[in-house]
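J.: just need the structure, nothing else, for what follows:
(one chain, ligands or ions: 2)
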Amino acid sequence: MQKLVDLSDFTPITPSAPIAVASHGGRAKCLQRLIRLDMPVPQTVALSFDTVRAIAGGQMIDTERLLAGFGPNTLVSVRPSSADPDWGGPGAILNIGMNAAMHAALEVTHGDAAADALYLRFIRAYAIHVARLDADMLPSGEPSAEALAAALAAYEAETDEPFPQDPARQLAEVLRSMARAWEGTTARLLRQAKGAPADAGLGLVVQRMALGLGRGMSGSGVIQFVDGVTGKPQITGRYRSQSQGREAVSDAQDAIYLTRDPRGPSLEEECPEVFAALKRHGATCRTHLREEMQIEFTLEDGTLHILDAVRVQRSSRAAVRIAVALANDGVISPEAAVLRVEPRALPELLHHQVDPSGPRDPFARGIAASPGAATGRLVFSSAAAQASAARGEACILARRETSPEDIRGMHAASAVLTERGGITSHAAVIARGLGLPCVVGASGVTIDNRHKTLKTADGRIFREGDTVTIDGTAGEALAGAAKMLEPALDDAFHALLGWADATRDIGVRANADTPADARMARTFAAEGIGLCRTEHMFFEDDRLTVMREMIFARTADDRRAALERLLPMQRADFKALFEIMAGQPVCIRLFDPPLHEFLPSDREGLRELAEALDLPLSDVTRRVEALSEFNPMLGLRGVRLGITIPEIYDMQARAIFEATVESSTTAAPVVPEIMIPLVSAKREVELVKTRIDAVAAAVRTRLGRDFDYRLGVMVETPRAALRAHEIAQHAAFLSFGTNDLTQMTYGLSRDDAGRFMGAYVSQGVFPEDPFHTLDPDGVGELLKIGAERGRRARPEITLAVCGEHGGNPESIAFCRAAGFDYVSCSPFRVPVARLAAAHLALRDSTQS
Ligand code: PEP
Ligand code: MG
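T.: Ligands and ions are numbered 1, 2, ... in the order given. Predicted coordinates for the structure are as follows:
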């Protein structure tokens, strides 16, 4: 066997030994910290990444010399030590050094039972993990002299050699098998999926075994001082007499409680001094390691040994509570607390969640379009959803896809499931705005509206009224009512986000269409409304009829009359938004969608419309057909409507200005922001601006009050980005609508992309769904060009993003780097954006 001769092959862990996470891994470093804190850690030696790599490559260290350092007749364990414990690694192997001689010695000192158990365990572990024998080849059952003899015989029969007796050889083989396991393809892929770099190293620690089997009070356990699900202070864990490793947790049958418990005996009662020492060590870990740790300990004939300490596994809500508690206790700084919570973890706190400890019966999987979970009875139409809401019954709206007509149904539903659609499909965007759990593009599901059934890929049938749960966080639909966790918008959540706000340097606004959305935006401390999609105000029952009358008007006068009736409703909407937002900016987008979206598409709807408008059905049908377009998303919508039917924008501008006057006081004037959608040419902006200025002048004269407003442009077409310098001449701000901009840059329908996006991403055509994560290369380049040209023409111009990407941490990083002033996203994504923006600022400041 080739040996490395370098003396730095292994490093005894002492308070001053050169041990670092980057060279020896997190476990080795943590053990050194525990040793520095005077904790009773058994003697330990660390092998560096380089040494382990050399072992995997066929070399070997001098294991005899290593073991000699532990003294005679010592058993040792080997555990993995990677830079990040989440990257996994081979399992620990205990009791190395067990052989016939050691067995005989232990029979005398620890008794037959302990000696048999220790030897048998080691043979099993060695056979399975080192010799790679099938576990079934080895006898199972209680340890005994016979079982031991059978295991030795089985080993020899399978490997054609007796069980190795030389501890140095045993250790060498264990080290080799662990080093090679780390290099295996599956292990590599698994850790890379968790963010490990391709060349991530593995360290190993060799530790003297504290025997939890044998004389007196012997056993092992784990203890932690917070609850991993709630994050609240609470001692949890288990202790098991006559056990080793993590058996107290993995096989808790005879394990006892740690603290006094009416259900049974506890370590606190049976061994109060040990319990007190553990509490002391826990407190020391918290203050000195600045983290909530789980401690693994062993009692060896009454003496306490601390074998290891690992970061407590925690849910997202626990992560927030733990970080805030550590900062409140002065253990870490508020900035460190902010950095300890991943922005993506926050949605879990904002909504109900399916409790991971409960049973789960998924019947469909799709795109996780809006997080959270809700249970209700299945309905297949918006009318049924509204009826259900009227009865006070929670319902889940299942549709093939949703259209604007479904908005009322979505308002009434507790969650939404669609057969089709992608991450920015109508259902997904609206659900995120409303904070409704939503799964879109549920693969294999067939929704039959006529028979009110939902059929799954494997033939299960769900009918109207069946109880189901939508898990929008996981992208699954579950049969029945799942066990739920409550949202956690508690003091810790608000404290953490308050600290985040103090550090970030890019603004965060909310996309909010209704007063309810605006209130939600305030709850989540958005700095204003970055996008109010006004068309969503027209879907209320009474307004829809007037809207349709407006669409069907034969003359400009008729149209004006219908708009006159919409005016007070819009004015009231805007007034409510201004008042709720209390002086914060409100950016109102003028009407955007194609008109046909307000018209029915089925015969029944057409008949109802003809009746409501008192027109012959044939007339109505003809008008609806005349309005239909081959490609409405690229047709008569946005500013194109504003130019061809200018009365709509006139009415909206008037409503905005009148609401401005009504909501302003001398001390607190409202300065509305008005945004023109789907612009592609400077002249469009000029035409609209001229009319809006005229409306403003008319309102000023009529009401005898002055006011300011800011007019801006939505950059949603590639041409608008390219010609931003011209457009900026007439715009106080440019807000990039990255949903349409992505659609048009790729030539990819945002409503249909869900059908093939999965295949595209899995085959690496796109690294990610560009509707979800901003495409930094193509769409991003347009953003940069638009921002740079706009700013050059008008240096004081405000730059923003208001597409769905506004709430995505990578996209926020992009916008911040490109010098944008703010991002705007659905209210429920505002906390994620605030925290993500704070992370970016803090990381920058620590790097500079
Ligand atoms: C956009 O296109 O990015 C946008 C915000 O507008 P909408 O999603 O309403 O088209
Ligand atoms: Mg748009």
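J.: at the contact with ligand 1, which residues of the stretch 351-500 of the chain appear?
T.: Within the stretch 351-500 of the chain, the positions near ligand 1 by CB under 6 Å from any ligand atom are V429. C-betas here are computed from N, CA, C, even on glycine.
J.: low pLDDT regions in the stretch 351-500 of the chain?
T.: The model of the stretch 351-500 of the chain has no residue with pLDDT under 70.
J.: how many neighbouring residues does whichever residue of the stretch 101-250 of the chain sits closest to ligand 2 have?
T.: Closest residue of the stretch 101-250 of the chain to ligand 2, CB to the ion: G195 (33.5 Å). A count of nearby residues for G195, using other CB atoms under 10 Å, gives 10.
J.: which SS class is it?
T.: coil (DSSP: H, G, I helix; E, B strand; the rest coil).
J.: for it, phi and psi?
T.: Phi and psi for G195, reported as degrees, to the nearest 10, are phi 100, psi 10.
J.: and the pLDDT for it?
T.: On pLDDT, G195 comes in at 86.
J.: let me know how buried the nearest residue to L152 once chain neighbours are set aside is, in neighbour terms.
T.: Among residues not flanking L152 along the chain, F163 sits closest, at 5.4 Å (CB to CB, 6 or more residues apart in numbering). Close neighbours of F163, defined as other CB under 10 Å, add up to 21.
J.: three-state assignment of F163?
T.: Per three-state DSSP, F163 ends up coil.
J.: and it, what does it touch?
T.: With contacts defined as CB atoms under 8 Å, 6 or more residues apart in numbering, the neighbours of F163 are N99, I123, Y126, L152, Y155, E156.
J.: doesn't the second one lie inside a helix?
T.: Yes. If the criterion is three-state DSSP, then I123 is within a helix.
J.: beta-bridge partners for L478, please?
T.: Note on L478: beta-bridge partners by DSSP bridges are P362, T469.
J.: residues in contact with it?
T.: Contacts of L478 by CB under 8 Å, 6+ apart are V354, R360, D361, P362, F363, V468, T469, I470, D471.
J.: swap in 10 Å and give it another go.
T.: When contacts are counted by CB atoms under 10 Å, 6 or more residues apart in numbering, L478 touches 354, 358-364, 373, 375, 467-471.
J.: picking up where we left off before, distance of the residue nearest to L152 relative to G302?
T.: For F163, the distance to G302 equals 32 Å [CB to CB, to the nearest Å].
J.: how about the secondary structure of the closest residue to ligand 2 within the stretch 1-150 of the chain?
T.: Ligand 2 sits closest to D86 of the stretch 1-150 of the chain, with a gap of 38.8 Å, by CB to the ion. Three-state call for D86 (three-state DSSP): helix.
J.: show me the contact partners of whichever strand or helix holds A105.
T.: Following DSSP states H and E, one finds A105 within helix 100-110. For helix 100-110, contacts defined as CB under 10 Å, 6+ apart pick out 72-75, 95, 98, 112-120, 122, 145, 148, 152, 162-163, 165, 167, 211, 213-215, 218, 300-301.
J.: so which of those are in helices?
T.: 112-120, 122, 145, 148, 152, 167 (DSSP state H).
J.: and those residues, which is closest to E647?
T.: Closest to E647 out of the ones in helices among the contacts of helix 100-110 is F122 (86.5 Å), distances taken as CB to CB.
J.: how near is the closest residue to ligand 2 within the stretch 451-600 of the chain to A157?
T.: The nearest approach of the stretch 451-600 of the chain to ligand 2 comes at D592, 6.3 Å away (CB to the ion). Separation of D592 from A157 (CB to CB): 77 Å.
J.: these two - which one has more neighbours?
T.: D592 (23 against 9).
J.: I figured the more buried one was touching R637, is that so?
T.: Yes. Using CB atoms under 10 Å, D592 is in contact with R637, at 6.1 Å.
J.: joint contacts of these two?
T.: E535, P677, L678, D740.
J.: so what's the closest residue to the first one other than its chain neighbours scoring on pLDDT?
T.: The reference is to E535. Spatial nearest neighbour of E535, chain neighbours left out: P593 (5.2 Å); criterion: CB to CB, 6+ apart. Listed pLDDT for P593 reads 92.
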